[in-house]
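1. Below are the sequence and a predicted model for it; my questions follow.
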Amino acid sequence: MRLAFILCSVLLLGACAGRSGPVSYYLLEAMAPAAAEAQSSATIRLLPVELADYLRRTALVSRQGGLLLIDDGQQWAGTLEDEVTRVMVTNLNRIAGGVQVQPSTAPDRPALALQLRIDRLDGVLGGALRLEGAFTLVDERNDVVALRLFTISRPAGATIAELVEAHSLALADLAAAIAPLLPRS
């Protein structure tokens, strides 16, 4: 019994010794400037965001040369899918001038839906952040109204906080690219 206790103690100490330092948590921010309010009855639903497999994690992803760096000490405060959805809904509602953009969980059934696919969202510290993917606007019959590929680049800055800000700014740029395609009435 004493041997089992000592063995368990050693294993617990070993597990604690291998533990990394503190974890920092980051949130994306809606950074799109507010447009002049316009009267519109259009409602658009933002469907669940599709992320590339390598982005489906809580750890921030950056690049160094051809390598992906996944830092468990730098984490998103929520899932990246939820963070991108929250920020895009807010950004689009700020920019779109009266068009009401809702997340997919909203109870209303709007005439248009926005599908957003993100194939790349990462950057190099001291280099650039890249946001790449596609968005599609579809009507209630699932007919494609608009389909666009996008590539957005932003300076990443030298720190993780600046890299996270670049993520937010790139999503504001994406909202600005989508907004002119949204109906105004």
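-> Good, I have the coordinates.

2. C-alpha from now on. contacts and neighbour counts both.
-> OK.

3. and the longest helix for this structure?
-> For the chain, the helix that runs over the most residues, judged by DSSP state H, is helix 160-178.

4. Who are the packing partners of that one?
-> The elements that helix 160-178 packs onto, with contact taken as 3 or more Cα pairs under 8 Å, 6 or more residues apart in numbering; DSSP states H and E, are helix 80-95, strand 112-123, strand 128-139, strand 144-155.

5. go with 10 Å
-> strand 24-26, strand 59-64, strand 67-76, helix 80-95, strand 112-123, strand 128-139, strand 144-155 (3 or more Cα pairs under 10 Å, 6 or more residues apart in numbering; DSSP states H and E).

6. would CSV of the ones you listed with mean neighbour count and mean pLDDT be doable?
-> As requested, these are arranged in CSV below (neighbours: other Cα atoms under 10 Å; pLDDT from 0 to 100):
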stretch, mean neighbour count, mean pLDDT
strand 24-26, 15, 94
strand 59-64, 19, 92
strand 67-76, 15, 93
helix 80-95, 21, 94
strand 112-123, 22, 95
strand 128-139, 19, 96
strand 144-155, 15, 96
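
7. any chance of these in a markdown table, with distance to residue 101 too?
-> Converted to a markdown table, the helices and strands packed on helix 160-178 look like this (distance: least, Cα to Cα, whole Å):
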| stretch | distance to residue 101 |
| --- | --- |
| strand 24-26 | 24 |
| strand 59-64 | 27 |
| strand 67-76 | 24 |
| helix 80-95 | 6 |
| strand 112-123 | 9 |
| strand 128-139 | 12 |
| strand 144-155 | 16 |
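
8. Which one, of these, ends up nearest to residue 53?
-> strand 112-123 (8.5 Å; Cα to Cα).

9. if we can go back for a sec, give me the buried positions along the longest helix of the chain.
-> 160, 163-176, 178 (16 or more other Cα atoms under 10 Å).
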